[in-house]
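Chemist: Here's my sequence, what's the structure:
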Amino acid sequence: MDIPVNAQVECTDGLCGRSTYLVLNPITQQVTHVVVREVDPPHEERLVPIEQVKETTPDLILLRCTREDLASIGDFIEREYLHITDPLGDYEPEEIMILPYAMPAGEYISPENLLVQVTHKRVPPHELAVHRGARVMATDGHVGQVDEFLVDPASEQITHLVLREGHLWGKVDVTIPIAEIGHIEENTVQLKLDKKGIEALPTVPMRRRLR
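Modeler: Numbering: from 1, shown residues only. The predicted structure is shown next:
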């Protein structure tokens, strides 16, 4: 089973969104959730347990739930509202937005009355959210970007990382065994191999048809 990122997602009653992140346990090497951005406004992102995934191809994820069920699943992005004078803790600047406001002309706006919206990803403890396009690094430099993961449906463990676009070997699918991954972070996958070692890997057959 291949778990693609930025792929179309369908519920039992039709198109429902696109996958934006995979949430995985870097110790057990299991995918635990798929993040789905809903197709309907306001395009909320839902943290969908992997058990809800019925079938996948490199271009499509089929869920076991309905669109209504999906809308009831917890949000991936949590929003918190703080006064602009409150301490912001460890939040990164791109996660902070000053809310729009309006006041009658001539009235003084006190900073204490302004609010900021702070957002953060709701990732389970000790797990990571990996997005499509995360950098893949060999021991001797950058080799490509994350496109998808191959998963054993019986154990739900990742077996291979797939580089399908934007890598050193053109249009050829590059499948890297999970044993050759040193560690995974949200924005970077570090391999144990150098570029010559990756080039020498055997290819793994990949399906490229929907359903």
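Chemist: Which residue or residues pair with M137 through a beta bridge?
Modeler: Listed by DSSP bridges, the beta-bridge partners for M137 are H142, Q190.
Chemist: That one: neighbouring residues, count only.
Modeler: M137 has 14 neighbouring residues, counting by other CB atoms under 10 Å. Yep, even glycine has a C-beta here, placed from its N, CA and C like the rest.
Chemist: which ones are touching it?
Modeler: Remark: with contacts taken as CB atoms under 8 Å, 6 or more residues apart in numbering, M137 is in contact with 143, 188-191.
Chemist: which among the residues you listed end up buried?
Modeler: 143, 189, 191 (16 or more other CB atoms under 10 Å).
Chemist: and these as CSV, adding distance to L161 and pLDDT?
Modeler: Converted to CSV, these look like this (distance: CB to CB, whole Å; pLDDT from 0 to 100):
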residue, distance to L161, pLDDT
V143, 11, 89
V189, 6, 88
L191, 8, 92
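Chemist: from the residues you listed, which single one is nearest E10?
Modeler: Ranked by distance to E10 (CB to CB), those are led by V189 at 27.7 Å.
Chemist: so what's C16 up against?
Modeler: Taking CB under 8 Å, 6+ apart as the definition of contact, the neighbours of C16 are 9-10, 36, 38-39, 63, 67, 70.
Chemist: list the contacts for P4?
Modeler: Under the criterion of CB under 8 Å, 6+ apart, the contact partners of P4 comprise 19, 56-61, 132, 147-148.
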